[in-house]
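Participant: Here is my input, please return the structure:
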Amino acid sequence: MNAPARKEHNLEQAVKGVTIPSCPAVLAQLMDELRQPQVSGKRIAALIGKDVGLAAVVVKSANSPFFGSGRRIGSVDEAIRLLGFGMLTNLVQEALLRSAIAEPGAALERFWDNSRYTAAASALIARKTGCARAETAYTFGLFHDCGIPLLVKRFPNYKQVLATANQATERWFTEVEDEALGTNHATIGYILARSWGLTEAVCRGILCHHDYSVLVEEATLEPESRTLIAVNVVAEYIAGTHLRTRRDAEWDKGREQAAHFLGYSVTELEDLADDIIYSFDRQQSEAPA
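Facilitator: Predicted structure coming up:
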């Protein structure tokens with residue numbers, strides 16, 4: 001049994017009482033519409049517009065520096081025209097994911113900041129390198145750690161386990177979680193992603209995103225999943241550096257494998273990361289107070 005297959009084994013046991021939020025109806029309807037041969041922008045806008053709160057969040061997000069439209073977006077219709085169906089779906093997924101696993105507290109706000117910057121960095125890396133679709137990379141970056149807040153709710157000691165895993169230099173992050181809890185955030189994230197109808201490549205990438213051996217063992221995982229994992233290694237480094245929350249242990253464990261897989265030297269990969277970090281820092285400094 002290869003590594004991904006082992007990770008999928010006994011998923012019911014891995015849940016261990018963790019509540020997995022069901023896929024919101026509007027997202028399921030949106031995904032069904034996007035699979036149609038003739039996608040209708042009017043039907044997409046009407047679906048989102050049924051929920052005034054969701055529509056408002058989508059428009060607000062579309063106006064953020066992450067998407068750089070260069071003009072003020074005032075409606076879902078405009079967001080569709082300027083951003084396209086792929087990025088609009090990303091905005092809907094983000095809004096619904098935040099709502100589904102919302103919990104007050106500064107720690108979770110930091111989690112969302114990190115997820116969003118990781119997603120934005122992933123999309124930029126995909127565009128700059130041409131290694132993946134930007135929309136898919138964004139989705140992966142947004143969802144890759146979605147199991148973390150669910151484990152925070154389930155296990156009172158999870159934050160301590162998380163701190164230990166963040167500092168682990170000789171073991172995979174998820175091995176620390178498995179030893180302490182009998183499950184891990186990658187497995188929980190995989191289950192959520194599948195139940196929300198994300199692509200198999202994204203789901204299996206989430207399942208394996210802390211196991212960097214898949215970047216060098218060709219037979220264990222499909223190329224798209226491996227590409228998303230490699231991009232995520234760099235994107236997490238970028239987000240952590242920009243937000244001052246960087247996990248050096250993860251970067252140290254994954255950067256050589258990610259660089260090799262993407263066809264870069266480590267120095268070239270760090271140069272690419274530095275360019276994106278600079279753009280994030282500049283956006284922040286130029287944003288209205």
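Participant: switch to C-alpha atoms for all contacts and neighbour counts from now on
Facilitator: Will do.
Participant: what about the strands in the stretch 1-150 of the chain?
Facilitator: Assigned by DSSP state E, counting those that start in this stretch, the strands in the stretch 1-150 of the chain number zero.
Participant: May I see the domains of this protein written out as residue ranges?
Facilitator: 19-100, 105-289 (automatic domain parsing).
Participant: Pick the most buried one from those domains.
Facilitator: Comparing the domains of the chain by mean neighbour count (mean count of other C-alpha atoms under 10 Å), domain 105-289 comes out on top with a mean of 19.
Participant: that older thread, is it possible to export the domains of the chain to JSON lines including mean pLDDT?
Facilitator: As requested, the domains of the chain are arranged in JSON lines below (pLDDT from 0 to 100):
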{"stretch": "domain 19-100", "mean pLDDT": "85"}
{"stretch": "domain 105-289", "mean pLDDT": "92"}
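Participant: Tell me who's in contact with the closest residue to residue 61 other than its chain neighbours.
Facilitator: Of all residues not flanking residue 61 in the chain, residue 91 sits nearest, at 6.8 Å (C-alpha to C-alpha, 6 or more residues apart in numbering). When contacts are counted by C-alpha atoms under 8 Å, 6 or more residues apart in numbering, residue 91 touches 58, 61-62.
Participant: Sort out for me which of the residues you listed are in helices.
Facilitator: Counting by DSSP state H, the part of the contacts of residue 91 found in helices is 58, 61-62.
Participant: and of these, the nearest to residue 30?
Facilitator: Among the ones in helices among the contacts of residue 91, residue 58 lies closest to residue 30 (C-alpha to C-alpha), at 13.7 Å.
Participant: Correct me if wrong: the closest one contacts residue 89.
Facilitator: No - checked against C-alpha atoms under 8 Å, the pair residue 58 and residue 89 is beyond contact range at 9.4 Å.
Participant: Please tell me how far residue 249 sits from residue 229.
Facilitator: From residue 249 over to residue 229 the distance is 16 Å, taken as C-alpha to C-alpha, to the nearest Å.
Participant: Would you check that residue 280 makes contact with residue 242?
Facilitator: Yes - in this structure residue 280 lies within contact range of residue 242 using C-alpha under 8 Å: 7.0 Å.
Participant: which residues touch stretch 128-139?
Facilitator: By C-alpha under 8 Å, 6+ apart, the list of residues contacting stretch 128-139 from outside reads 86-87, 90, 118-127, 202, 224, 227-228, 231, 262.
Participant: same deal with stretch 45-61?
Facilitator: Outside stretch 45-61, the residues that touch it by C-alpha under 8 Å, 6+ apart are 26, 29-30, 73-77, 79-80, 88, 91-92, 95-96.
Participant: can you rerun that using 6 Å?
Facilitator: Residues outside stretch 45-61 that contact it (C-alpha atoms under 6 Å, 6 or more residues apart in numbering) are 75-77, 91.
Participant: Ends of it, what's the gap?
Facilitator: Counting by C-alpha to C-alpha, the terminal residues of stretch 45-61 are separated by 15 Å.
Participant: what distance separates that stretch from the centre of its chain?
Facilitator: Between the mean C-alpha point of stretch 45-61 and the mean C-alpha point of its chain there is a distance of 21 Å (C-alpha atoms, centre = their mean, to the nearest Å).
Participant: Same question for stretch 185-202.
Facilitator: Centre-to-centre, stretch 185-202 and its host chain are 11 Å apart (C-alpha atoms, centre = their mean).
Participant: ok, residues contacting that stretch?
Facilitator: Under the contact criterion C-alpha under 6 Å, 6+ apart, stretch 185-202 has outside partners 23, 140, 146-148, 203, 206-207, 225.
Participant: So which of the residues you listed is the closest to residue 100?
Facilitator: Taking C-alpha to C-alpha as the measure, residue 100 lies nearest residue 23 of those, at 8.7 Å.
Participant: Chain neighbours aside, what residue packs nearest to that closest one?
Facilitator: The shortest distance from residue 23 to any residue other than its chain neighbours is 4.7 Å, reached at residue 196 (C-alpha to C-alpha, 6+ apart).
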